[in-house]
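>>> Provided below for reference: sequence and predicted model.
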Amino acid sequence: MVELSDYSGLNPTWCPGCGNFGILKALNSALVELNIEPHRLLLVSGIGQAGKLPHYTSGNIFNSLHGRPVPPAIGAKIANRELVVVAISGDGDAYGEGGNHFIHACRRNHDITYLVHDNQVYGLTKGQASPTSDTGFVTKTTPSGAAPPINPVTLAIAAGATFVSRGFAGDAEHLTDLIKKGINHKGFALIDILQPCVSFNQKNTFQWYRQRVYKLPEGGEYDPADKAAALGKAQEWGDKIPIGVIYRQEAPTYEDQIPALAGAPLVTREISPAQVENVITEFL
Amino acid sequence: MVELSDYSGLNPTWCPGCGNFGILKALNSALVELNIEPHRLLLVSGIGQAGKLPHYTSGNIFNSLHGRPVPPAIGAKIANRELVVVAISGDGDAYGEGGNHFIHACRRNHDITYLVHDNQVYGLTKGQASPTSDTGFVTKTTPSGAAPPINPVTLAIAAGATFVSRGFAGDAEHLTDLIKKGINHKGFALIDILQPCVSFNQKNTFQWYRQRVYKLPEGGEYDPADKAAALGKAQEWGDKIPIGVIYRQEAPTYEDQIPALAGAPLVTREISPAQVENVITEFL
Amino acid sequence: MPVDINFLVGGEAGQGVQSAGFLLAKAMSRAGYHVFADQDYESRIRGGHNFFRARIKDGRVGAVREDVDILVALNKETIDLHLPELAAGGVAIYDGETIADAGADKRLFSVPLEKLAGERLMANTVALGAALALIDYDPAMLDIVLSGYFREGKVAEGNIAAARAGYEHVMKGYAGKRRALKTVVTGRRMLLTGNDAICLGAIAAGCKFMAAYPMTPAGSIMEYLAAKSGELGIVMVHAEDEIAAVNMTIGAGYAGVRAMTATSGSGFCLMVEGLGLAGITETPVVMIDAQRPGPAVGLPTRTEQGDLQFVLHAHHGDFPRAVLAPRNVEDAFGVTIRAFNWAEKYQLPVIILTDHHLATSYATVEPFEIGGVNIERGLIYRGEGAPEKYRRHEVTKSGVSPRAFPGLSRALVVTDCDEHDEAGHLTEDAATRTAQVQKRLRKMVGLKQEISRPFTYGRKKAETSLIGWGSTGGAIQEAVDILRREGRSVNMLQLNELWPFPTAAVSDVLGVATNTYVIESNATGQLARLIKTETGRDVSGKILRFDGRPLTPAFIAEAAKKEGC
Amino acid sequence: MPVDINFLVGGEAGQGVQSAGFLLAKAMSRAGYHVFADQDYESRIRGGHNFFRARIKDGRVGAVREDVDILVALNKETIDLHLPELAAGGVAIYDGETIADAGADKRLFSVPLEKLAGERLMANTVALGAALALIDYDPAMLDIVLSGYFREGKVAEGNIAAARAGYEHVMKGYAGKRRALKTVVTGRRMLLTGNDAICLGAIAAGCKFMAAYPMTPAGSIMEYLAAKSGELGIVMVHAEDEIAAVNMTIGAGYAGVRAMTATSGSGFCLMVEGLGLAGITETPVVMIDAQRPGPAVGLPTRTEQGDLQFVLHAHHGDFPRAVLAPRNVEDAFGVTIRAFNWAEKYQLPVIILTDHHLATSYATVEPFEIGGVNIERGLIYRGEGAPEKYRRHEVTKSGVSPRAFPGLSRALVVTDCDEHDEAGHLTEDAATRTAQVQKRLRKMVGLKQEISRPFTYGRKKAETSLIGWGSTGGAIQEAVDILRREGRSVNMLQLNELWPFPTAAVSDVLGVATNTYVIESNATGQLARLIKTETGRDVSGKILRFDGRPLTPAFIAEAAKKEGC
Ligand SMILES: Cc1ncc(C[n+]2csc(CCOP(=O)(O)OP(=O)(O)O)c2C)c(N)n1
Ligand SMILES: Cc1ncc(C[n+]2csc(CCOP(=O)(O)OP(=O)(O)O)c2C)c(N)n1
Ligand code: SF4
Ligand code: SF4
Ligand SMILES: [Mg+2]
Ligand SMILES: [Mg+2]
């Protein structure tokens, strides 16, 4: 049995009180509850405060470039389908620098889970506006206020993701459950996580989120399979902010649709000399 | 008065029968009907069959990199707000290589018009799948069929564009009207244009589109200002494909919100020595 | 008399220039001849002017020739442009019924291509038959070649008939002297392009992952591997852009499969950040840069060698890499295998520089021997000892640390594109940083040992040495032949390994010859610059071409003479 | 005795190290002293260890010094790490009430920082007051400095009170000898960082557009211009990524405004494709690459000079560019203006290489003279003659074609990143291609004339020459002083213009000195490589540092002696 102690790592360098601690806790709990051993796990992160997370827990770790956790996660998943692959980003990482990878990973439905620590600001570079900063948010790069934000949930549904959810760093229990669902989902699972940044976002604070978030009812009352309803629900942002699974759909994953991926993981297979001879012969 | 003869250029190198001819015609008509003189116009295109269009008409032309017509169009518009700026892409250009610029131009609402020649395939590079290729479309890079497509209309609305429309290269008159509306719109105007590629897309042919497209009713019956309805309408793709303005909203443009852009175009202004002295003094 | 026949098939895009040209080359290859064929086409799908040159010899051939022996003109423009290129005794086939205004040149021989084809589509096949008749090609062999190519029965039959019609038209109507070539089959050779050879090299090396974004002239690599995906168990991902492509490739390499990507200059620009990611995470990755004229989009369907200095220095900071440049189609196979081996042995990015000319030109080569292929995967950790002690970036003498594959043992594989400690965790410690930089750079020591002596040709001592790199190997070699036939003392050196640089070998040459000329398809002489950097010496001259057209033996020989060779 | 006092303020991120350090520097600058101050911080927002060194002299100062005269320790770690650095006669201020286990070192002087501050937030200001008391700083002047900095009345008052409290605590309680420094105001100097100087240079040059994506250490450039946007009519776009940033900048440059972008290595990687777009469309653009240790993300908040070879060769194909590297804060102003002038005169991309050390270090400089700023916009077409004859890429002798601005005349401004003809339309014609490549490269001829003689220091003839580039100017200069004081024959050459390369000037130096050492913040000696390429000569040695920490005079002098200077 995997235990919480299996998921320990370096001391976090995050600011005291940062929402990232709640996410770390929820991720660790989810991994333990799913009984995933660290060596079966691959954490791929980008650059930013969020991107440091893997170092504070355990697993195989590929801490990638800013904006680029998703492509290597995809490459690694294809190379070894038996790995549990979790990609980790900040909001700038995911929706700014990495925006193109994001929409295409959604549409191709790669079988990875994507945790986006959405603090609506650039933390590591000290407080510039991010693509999810609320309209008018004043920062050093947006002195006359930020342009309207990306709504990651709407965007993910529009781009074709099959599991689209929102969590809150202030509710680790609910988030744990979401992460478990995301990892269990076959296909691309987005978990956009409202994450207060106590140093650079004085607007979207723990309190601000707490006053607004509410959990989507499960078990029939809200049907995440209804795309139109989901798109409507996704638009909700302001006085009330829904958290939970907003959209979910069963669909073949990218990996499922590649004949070459049937069978043993690529990393354990070899091309036989006879096969090579065959293709050479075709040029005679 | 501007005349059609003002909008002539090099001989197109497109394949005979290509949908691009209809788009060229519609664009020229729209420019003439709007009485825009070529020297007030800036056409910024990417690389691909679509990207060649500017050379076949007239105007200031910046034929940019593959996937990159939008950023230089934005830079030029900010430099000289009096220019009418039209960006031109193929579907690979716009939604593949240029995907990130696309969603961010939508959300920031730059005042440019964006024509995307959407032939659901890579034309210039000879027929690979594009981000809008229908699910299962078999090409040399997708031998087991393309992954589900991006729906540009849904994506644009989700990303925050304020004018989102679809045209059809086989209906130049309707398209002319759309382009006029797009150019007149204050803010980012997407015109995704169904464009048969007679050489590489044997599925989405003129006939295929003709059998499916229908014009959205104007004048009340369909309200493009209703975002939820628009998102619903945007999902329609299959037996029936709506063309026309699918979503429209009035909102301040990016350029409108920058105090520095009030007044004369940037390109005609200078920073005075006194102003420079002032900022220098602040470091004393 | 030795055989050296130059065919040129010309017409507009869409007329089947490429397939007729390829079939010509294939037919001659099947008849036992050596073939070198190049393609000249515009960046458009229909119209314009394209041509395909196939040069046939009964001995080694590695370059094109400008003067044409048998011209197949599918349209008027081809006559206008290429009739002046006809060599003495040359013939031009065209369709006098569709091209009325061809002029009165005696060397024009009309074959009613369209009429004989029955439909316009097969006019090119009629022309093929006609052209082969001019050399008394064995019609039965032609049938075999056509059936092999057009698989589908009906289509093959139609084309066989069309070819026969053209063939017979010449046999009956052509009054000039035909050249009777014998079939000299000795054992079959492969006919393939540089890109094909790279694909085969990758397959033989066990590459199982590719991610790429289409770009001429690299695109056919991804297309070939995609086509073979199911059969061989190779995954080819058509990514959303080149940034994704290189990063997916790195992810796959990290996870333990041999992985590559391929692009051209513009796409490589977008991969530069990933190059350094591979560098600092020490992930093996093979990157193919199939050059074309730049900067920016430049001339998309033409050739150049303008990326050398770029790929040598791409990315900020100091870290090791290798740069290879196959000198011909055959070499591309071996170089590709070497690239995968080096990438894994030294855990670094290896760049293969090709160009449009090499990528798209066909050559006949002896069948690749896969028995001789040696797969070297380098130091691999497979779970021995205490897995919790495993440190991905352990500082070692060679600079190489054993690589573990995530998930295949209990060892955790931790790496970071921030500077990291031996365990792979990010650090800002000054001493650790210094140690990691030095460890990575030490890998160059081992890598340098791998460098072999470059290809040379001609006597060791010569007055003039021609120095080239990459795809120009065949053209320079023939230029040497030309110059030597004219009594000049010339030899050559052709580099296919550019980094680490074979300093000693190049210095040797520079020390011996009176005149040393670099031959390059670029505007500034990028190899000359590299030679200067590595040896401190200037070459005596640069023979450069940068109009997008390939360097030819005649061009090189002429230029060398002008330089004073 | 000349004044040379080195302050060091240390603590964890969030304790106000930076503001206390800056205020110290500012106070000393206002008192008429020369100041050089650098910042050392980790890539995190709270915690860890940061410090700010401010060195005060009564004459020129351009570098930091390792040994500390007055240490301000805001936490225990600072004492542990920096007490050993205290010079003879040095003092360390700390808060004995919060740091109980500081040890018994006699040089420690406790000031109850938190208690005196009333609240934790202003402990740093108390410490500032205390530190300045140790040199008898004029308290009235300190009030002025604090009011200027903390604008808002209440906040300023609170801080003035806090500083006074610290000041008085020392005045009353410190038993050691204070150093009484006089106020020597002669006329005010500016105190600013390299990034500030670049911003002022850009503003003085009339830059009106910037697009960028935040990246340390370039980010503060975009932040400063954004802050000044409304006041000066400059637009700063925070783009979605660096690709967008460079392409927006090119769009603005094409439309006729002076435009720039700024980033660091990783971001520059993503701009490489755009670099060539500017090259082939001949669009003026200024790109700032503020280097940090690579490859990849490396050490985000530390310094290196590892991008030289990269920016020289970035992008495929041959086209002209210029590369500049300011040698100190003052120089950054002039270099930036020159960059904008060259970009427009020669219609090409100009890259300014700075690094974390230059970008974030403060120096005092004489107020910039804007009377002397010369704006050269190059050849501009403003509608004269027949606009329909205007051809954007006209082939000219100089290679420069008059630039028209779209919309400002009836001339149509047509350009293409495909190879194009003079009119700007895409073409595949071989002769046109050749002509356009040559035309573009010809611009280097004019550009070479612009290169000035690089900065030298010391006698023309010396046994040893130290050769550096960019930000190390001040450190090397002081190293020369140190070595000469020790009786050695040393001079220096510092390059701030790297491309076109000042070959003659460098060759001169290499020809005279017995020993020539490059001094560089990178692992391989990238300037040494460039010198080899351009002059064919090896330097006698390389003094390199690549642990992310700045080269200091003492480090250089020691290393030079080891090398045998
Ligand atoms: C190519 C590149 N551009 C910019 C940066 C600088 N950078 C590092 S983190 C970051 C943004 C951080 O914001 P976010 O992704 O939201 O993460 P957070 O710190 O808020 O968790 C940026 C711009 C970089 N490392 N690489
Ligand atoms: C960076 C880069 N990658 C790839 C290419 C090659 N390329 C040219 S056009 C094109 C795609 C064309 O498809 P699309 O944008 O849909 O335009 P179409 O030709 O269909 O109009 C590609 C991949 C390039 N020029 N630059
Ligand atoms: S800066 Fe913000 S996101 Fe980063 S660690 Fe601090 S509180 Fe968290
Ligand atoms: S390839 Fe397709 S898109 Fe391109 S010109 Fe031909 S028909 Fe049009
Ligand atoms: Mg963030
Ligand atoms: Mg297309």
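Cool, got the structure. Ligands and ions are numbered 1, 2, ... in the order given.
>>> going forward, measure contacts between C-alpha atoms and count neighbours the same way
Fine.
>>> where exactly do the strands run in the stretch 101-250 of chain A?
Secondary structure of the stretch 101-250 of chain A (DSSP state E, counting those that start in this stretch): strands at A:113-118, A:163-168, A:189-194, A:213-215, A:241-248.
>>> Skipping adjacent residues, who's closest to residue C:108 in space?
What sits nearest to residue C:108 in space, not counting adjacent residues and going by CA to CA, 6 or more residues apart in numbering or on different chains, is residue C:92, at 4.7 Å.
>>> Pretty sure the one you found sits against residue C:73.
Yes: with contacts defined as CA atoms under 8 Å, residue C:92 counts as touching residue C:73 at a distance of 6.9 Å.
>>> higher neighbour count, these two?
Set side by side, residue C:92 and residue C:73 show unequal neighbour counts under other CA atoms under 10 Å in any protein chain shown, the larger going to residue C:73 at 29 against 25.
>>> follow-up on the earlier one: a strand runs through the residue nearest to residue C:108, doesn't it?
Yes: looking at residue C:92 with DSSP: H, G, I helix; E, B strand; the rest coil, it is inside a strand.
>>> Quick check, pLDDT for it.
Note for residue C:92: predicted pLDDT of 97.
>>> Up against ligand 3, what does the stretch 1-150 of chain A have?
Taking CA under 6 Å from any ligand atom, the part of the stretch 1-150 of chain A that reaches ligand 3 is made up of A:14, A:15, A:18, A:20, A:49, A:123, A:124.
>>> Give the helix, strand or coil label for residue C:21.
Quick answer, by three-state DSSP: residue C:21 is helix.
>>> Next one: the nearest residue in space to it that is not next to it in sequence from ligand 3, what distance?
Of all residues beyond its chain neighbours, the one nearest residue C:21 is residue C:52 (5.5 Å), with distances taken as CA to CA, 6+ apart. Here the criterion is CA to the nearest ligand atom, to the nearest Å. By it, residue C:52 lies 60 Å from ligand 3.
>>> How about residue C:474?
Look at residue C:474 and ligand 3: by CA to the nearest ligand atom, they are 58 Å apart.
>>> thought that residue was touching residue C:37?
No: no contact is recorded between residue C:474 and residue C:37 when judged using CA under 8 Å, the distance being 12.0 Å.
>>> which of the two has more neighbours?
More crowded of residue C:474 and residue C:37, by other CA under 10 Å: residue C:37, with 30 against 23.
>>> Test my guess that the more buried one contacts residue C:57.
No: counting by CA under 8 Å, residue C:57 is not a contact partner of residue C:37; they are 11.4 Å apart.
>>> Would you enumerate the residues in contact with residue A:7?
Shown in contact with residue A:7 (CA atoms under 8 Å, 6 or more residues apart in numbering or on different chains): A:28, A:32, A:38, A:57, A:58, A:59.
>>> Most neighbours among these, which one is it?
Each of the contacts of residue A:7 was scored by neighbour count (other CA under 10 Å); the top score is that of residue A:59, with 27 neighbours.
>>> With adjacent residues omitted, what lies nearest to that residue?
Taking CA to CA, 6+ apart, and ignoring the residues beside it in sequence, residue A:59 has residue A:38 as its nearest neighbour in space, at 4.2 Å.
>>> Look up how far residue C:378 lies from the one you found.
As defined by CA to CA, to the nearest Å, residue A:38 lies at a distance of 26 Å from residue C:378.
>>> Residue 225: neighbour count?
This is for chain A. 16.
>>> try chain C instead
Residue C:225 is surrounded by 28 other residues when neighbours are defined as other CA under 10 Å.
>>> In this structure it contacts residue C:199, no?
Yes: A contact is recorded between residue C:225 and residue C:199 when judged using CA under 8 Å, the distance being 6.9 Å.
>>> Right, and ligand 4 sits closest to which residue of the stretch 401-550 of chain C?
Ranking the residues of the stretch 401-550 of chain C by distance to ligand 4 (CA to the nearest ligand atom) places residue C:548 first, at 22.7 Å.
>>> mind listing what that residue touches?
Contacts were defined as CA under 8 Å, 6+ apart; by that measure residue C:548 touches C:292, C:293, C:299, C:302, C:303, C:304, C:521, D:430.
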